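A.B. asks: sequence plus predicted model, see below.
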Amino acid sequence: MARLDTLEAVATEMEARRSFLVEAGAGAGKTTTLVRTLQHLLNHHRTDLEAHGRRIACITYTNVAKKKIHERIAADPLIDVGTIHEFLWSAIQPYQRELWLQILDYNKDLTKPEDLDDVTAPPVIEYSDRGRRLSEGRISHDDVIALSLRLVTAHPKLIRIIASKYPIIFVDEYQDTSPKTIQLLLDHLAGAGHENCVVGLFGDSMQKIYESGVGAVKRPGLLTEITKHENYRCSPPVVEVLNRMRPDLIQDAIGDQQTGEVHLFLNTGTPAGPERLTAAEATLAQNGWTRENSKYLLLTHRRIAGTLEYANLLEQYRKLSRYGPDDLMARNEPYIQYLTRVESVSTAFRNNDFAELTSLLDEGWTRITRHSDKRAISQAIRALDAVRTSGTIGDVLDLMGDGHLLATPGKLKSLERRRTATGLDERDQRRADFSNNLRNVSYREVISVTNFIDELTPFSTQHGVKGDEFENVVVVVDDSAWNRYNIGKMLAGTDKPDRTERSRNLFYVCCSRAQRGLAVVFVNDLPEGAESTLQDWFASGIIHP
Ligand SMILES: Nc1ncnc2c1ncn2[C@@H]1O[C@H](COP(=O)(O)OP(=O)(O)OP(=O)(O)O)[C@@H](O)[C@H]1O
């Protein structure tokens, strides 16, 4: 019955043309509700939408989520599923003249404005991954949102046009959306147009794990808040842990998993370090947990096997800054971001996934249909694969720079340019040294770290751990490896508020992926005060002191 309640609550808001926020904890079925609402709209309003040339926008944060939703609505052409950038760009792109005027103004506010006085005729404005070159009409990822906001503020009629094309706009995982996007959606689009555009946000503020996300959104007059108190995913003892972690949002375990187990390993009798994990694994094995039926989520840089297969790479990030290793893990730095895309291209090719390749490759390859296109891409990727396994990071960057598989993003280009510059200040020199040293590291280390991140950390882009679930989850915490997060201090209540929040969210996201069993293993000693919080949170489980 609860299922009907949430869907009904959403349907009521839709009928009344009111915007809403489905805010609920992990496993509550938010994404499922979003998909079912889309199905309901298609079943009941198809004729009307088609007759007026209207569509539904469904904005997702990642390509992985996009694919998932597409599959579940059978890629219905009435629904545009895409990233916020795709959606906004399709909306503003037709207004080239107005865009150029905004660009001239926007340019003045940039820290490094371009000289646009010499540009006689406005160029054709394009949005590209290659980064910003305003004089040539090229705008970047970041510019799309800022320019959209400027454009609609200057031309309110545009809002009416967008709202009548998209009278319904849904956002999945809204907590990871940028504050500017939320501003655009709520302050401009919600309620706009003849049909009162409905903006529906689905997500959970406590699952924000990326820096750039807006987190909680509170707009009592504008958004009807719909809360769900079910948890369809996790077994009762796991839900009990989540409830103690988050007493302001108590969930009922009503899913299929009615039995489960929870373990907390402190293992203080064993020396701190990987041995504590080994000891925990021995206990879990006696209970039937194996590497095959358990998902490891490591909040650490240590490989379970002990040796780090990307030690040199990690060392460069360590030298770069105190947050370098964290940025490597969360892929929050231009080099690792780009190299991750290179790895995704290579993986998609190996899997013969040409649909995935099309979405990864450059604009020039928007449709890989012709045999000759496939052949050209195959050749380029084979050449890449040869260098990936035998060359350095520099070799791969040079090869990619010469070819035309992936454009080099603007930020990376400028780092590469500054690599050989002279007279840099201390910070830029450190960055330049980083670029040069990184280039000498074997590319195999990139392959290792990418596999590690995708398989063993919550920062996976391949699977998007946040929306995912596994039978058993083993969360391994090693606070000595991180700077942006500190689970121990969060538990002890002694950390700064922002880091406390980040750590709590990350820990919550990890623990809430478990369907049946959850084990949390601390490999180093905890600060004073942490253990009593853990005793409380894990009271439904077995604590291994
Ligand atoms: N109404 C329902 N009835 C039965 N199972 C459901 C229902 N809603 C969701 N589920 C199942 O519960 C699990 C979690 O659902 P879903 O991924 O939609 O939750 P979520 O709230 O988006 O999760 P999270 O925020 O933790 O990623 C899935 O396995 C899904 O199939």
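C.D. replies: Structure received. A quick note: this is a predicted structure, and the numbers were derived from the prediction, not measured.

A.B. asks: which residues touch Thr37?
C.D. replies: In this structure, Thr37 makes contact with Leu7, Val10, Ala11, Met14, Phe170, Gly200, judged by CB atoms under 8 Å, 6 or more residues apart in numbering. Quick note: C-beta positions are derived from backbone N, CA and C, even for glycine.

A.B. asks: what about the last one, neighbour count?
C.D. replies: Number of residues near Gly200 (other CB atoms under 10 Å) recorded here: 27.

A.B. asks: give me the sheet partners of the helix or strand where it lies and which way each runs.
C.D. replies: Using DSSP states H and E, Gly200 sits in strand 198-203. If you go by DSSP bridges, strand 198-203 pairs up with strand 20-24 (parallel), strand 168-172 (parallel).

A.B. asks: can you put those in TSV and add distance to Leu34 and mean pLDDT?
C.D. replies: Formatted as TSV, these follow (distance: least, CB to CB, whole Å; pLDDT from 0 to 100):
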stretch	distance to Leu34	mean pLDDT
strand 20-24	8	95
strand 168-172	6	95
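
A.B. asks: between those strands, which one is nearest to Ala383?
C.D. replies: Minimum separation from Ala383 across those (CB to CB) falls at strand 168-172, 37.2 Å.

A.B. asks: and the next element down the chain from that closest one?
C.D. replies: helix 179-183.

A.B. asks: and that following helix, what does it pack onto?
C.D. replies: Secondary-structure packing of helix 179-183 (3 or more CB pairs under 8 Å, 6 or more residues apart in numbering; DSSP states H and E): helix 141-154.

A.B. asks: quick check: Lys228 vs Ala330, distance?
C.D. replies: 28 Å (CB to CB, to the nearest Å).

A.B. asks: to clarify, my last question referred to Asp468.
C.D. replies: 17 Å.

A.B. asks: who's more crowded, those two?
C.D. replies: Neighbours were counted for Asp468 and for Ala330 using other CB under 10 Å; Ala330 has more, 20 against 13.

A.B. asks: for this protein, what lies in contact range of the ligand?
C.D. replies: Contact residues (CB under 6 Å from any ligand atom) of the chain with the ligand: 3, 24, 26-32, 204, 207, 232-233, 255, 466-467, 469, 512.

A.B. asks: need the buried ones from those residues selected in PyMOL.
C.D. replies: Filtering the residues of the chain next to the ligand down to the buried ones (16 or more other CB atoms under 10 Å) takes a single PyMOL command:
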select buried, resi 24+26+27+28+29+30+31+32+204+207+232+233+255+466+467+469+512
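
A.B. asks: what are the phi and psi angles of the residue in the stretch 301-450 of the chain that the ligand sits nearest to?
C.D. replies: Closest approach between the stretch 301-450 of the chain and the ligand, counting by CB to the nearest ligand atom: Ala330, at 18.1 Å. Backbone torsions for Ala330, taken as degrees, to the nearest 10, come to phi -90, psi 0.

A.B. asks: which residue packs closest to it, ignoring adjacent ones?
C.D. replies: Spatial nearest neighbour of Ala330, excluding adjacent residues (CB to CB, 6 or more residues apart in numbering): Phe459 at 5.1 Å.

A.B. asks: ok, now Arg484?
C.D. replies: Leaving aside its sequence neighbours, Arg484 sits nearest to Asp326 (CB to CB, 6+ apart; 4.3 Å).

A.B. asks: now the host helix or strand of that neighbour: how far from the chain's centre is it?
C.D. replies: In this structure, Asp326 sits in helix 324-330 according to DSSP H and E. Counting by CA atoms, centre = their mean, to the nearest Å, helix 324-330 is centred 14 Å from the centre of its parent chain.
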